[in-house]
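Chemist: Predicted model, plus sequence, below.
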Amino acid sequence: MKILSKQQIAQMIDISAVKADSSLEEVEAIVNAAKEHHFICVFTLPSITPYAKKYLAGDSEIKLGGTVGFPSGASSTSVKALEAKELLEIGCSELDMVINIGKLKSKLFQDVETDISKIIQVADPIPVKVILEVSLLTDIEIQEASKIIRDCGAKFIKTGTGWNGTTKIHHVDLIKKTINESIAIKVAGGVRDLDTLLKIADMGVTRFGIGYKSAINIINEYFLRFGV
């Protein structure tokens, strides 16, 4: 297993406060943590994103991320597009959108593709990460969705919102075998300690969506183990 530096790890972590009960206090805390540890990006829910931008004022190195269709992905495409436009106007430099999970499970693949493509079109040239929510999908559905996301031109496939279940090694391996290194992977849901992060990073994953407490725990674990 390759050992990464603390800075390399921090630059793989999108620190987030995207639960329904995430307060302004927690949002300010993740921004302060990002400034202290140099996490690459901060994500909140849309109505709170202007506050995250305010807290980030003066720090151009940390990206502001926006969430589209959280957490169900079931909003209409037009609503998702409006949400994406508003987040871009606020100043987001990355967007994480949830696929329409119900339509995927209903095999309405063209609708799923149209939904993703519209947000990528609205966001261009801002990168879009498209969220599968792997814990709700079968292996075949994960494979089908991964191909659609890749073909739509998304920057990343993201495994989950963090609201439902845990991303497992099997999920990451399945996605990688399906897309053959043609698109980057972001893992979210269940990465709460350093060893898990390092193991998944060793598989070629380059970004992680991690909540405030777990992100700080990982950095503290690194310091205790390596002292730097």
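Modeler: In hand now; what should we look at?
Chemist: confidence score at Ser182?
Modeler: Looking at Ser182, its pLDDT reads 89.
Chemist: who are the neighbours in contact with it?
Modeler: Arg150 (CB atoms under 8 Å, 6 or more residues apart in numbering). For glycine as for every other residue, the C-beta is placed from the backbone atoms N, C-alpha and C.
Chemist: Over to Gly189?
Modeler: Gly189 neighbours (CB under 8 Å, 6+ apart): Val134, Ser135, Thr159, Gly160, Thr161, Gly162, Asn164, Gly165, Thr166, Thr167, Gly209.
Chemist: Tabulate those residues in CSV, adding columns for neighbour count and distance to Lys176.
Modeler: Below are the contacts of Gly189 laid out as CSV (neighbours: other CB atoms under 10 Å; distance: CB to CB, whole Å):
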residue, neighbour count, distance to Lys176
Val134, 29, 13
Ser135, 17, 18
Thr159, 30, 11
Gly160, 25, 16
Thr161, 25, 20
Gly162, 25, 21
Asn164, 14, 21
Gly165, 16, 19
Thr166, 16, 18
Thr167, 28, 13
Gly209, 28, 18
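Chemist: where does this structure dip in pLDDT?
Modeler: Scanning the chain for pLDDT under 70 picks out 1, 228.
Chemist: switch to 90 and redo it
Modeler: 1-3, 58-60, 162, 164-165, 180-182, 226-228 (pLDDT under 90).
Chemist: could you pull out the helices for it?
Modeler: 6-10, 24-37, 49-56, 77-90, 101-105, 109-123, 139-152, 169-179, 194-201, 212-226 (DSSP state H).
Chemist: Pipe the ones you listed into CSV and attach mean neighbour count and distance to Thr67 per row.
Modeler: Formatted as CSV, those follow (neighbours: other CB atoms under 10 Å; distance: least, CB to CB, whole Å):
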stretch, mean neighbour count, distance to Thr67
helix 6-10, 16, 21
helix 24-37, 18, 13
helix 49-56, 18, 8
helix 77-90, 16, 8
helix 101-105, 18, 15
helix 109-123, 19, 12
helix 139-152, 18, 17
helix 169-179, 17, 20
helix 194-201, 18, 21
helix 212-226, 16, 15
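Chemist: could those be laid out in CSV, adding distance to Lys129?
Modeler: Below are the helices of the chain laid out as CSV (distance: least, CB to CB, whole Å):
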stretch, distance to Lys129
helix 6-10, 18
helix 24-37, 18
helix 49-56, 16
helix 77-90, 12
helix 101-105, 16
helix 109-123, 10
helix 139-152, 9
helix 169-179, 13
helix 194-201, 16
helix 212-226, 17
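Chemist: if we can go back for a sec, want to throw the contacts of Gly189 into CSV with distance to Lys6?
Modeler: As requested, the contacts of Gly189 are exported to CSV (distance: CB to CB, whole Å):
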residue, distance to Lys6
Val134, 28
Ser135, 30
Thr159, 24
Gly160, 25
Thr161, 27
Gly162, 23
Asn164, 30
Gly165, 29
Thr166, 25
Thr167, 23
Gly209, 19
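Chemist: Next step: those restricted to strands.
Modeler: Of the positions in these, Gly209 sit in strands, assigned by DSSP state E.
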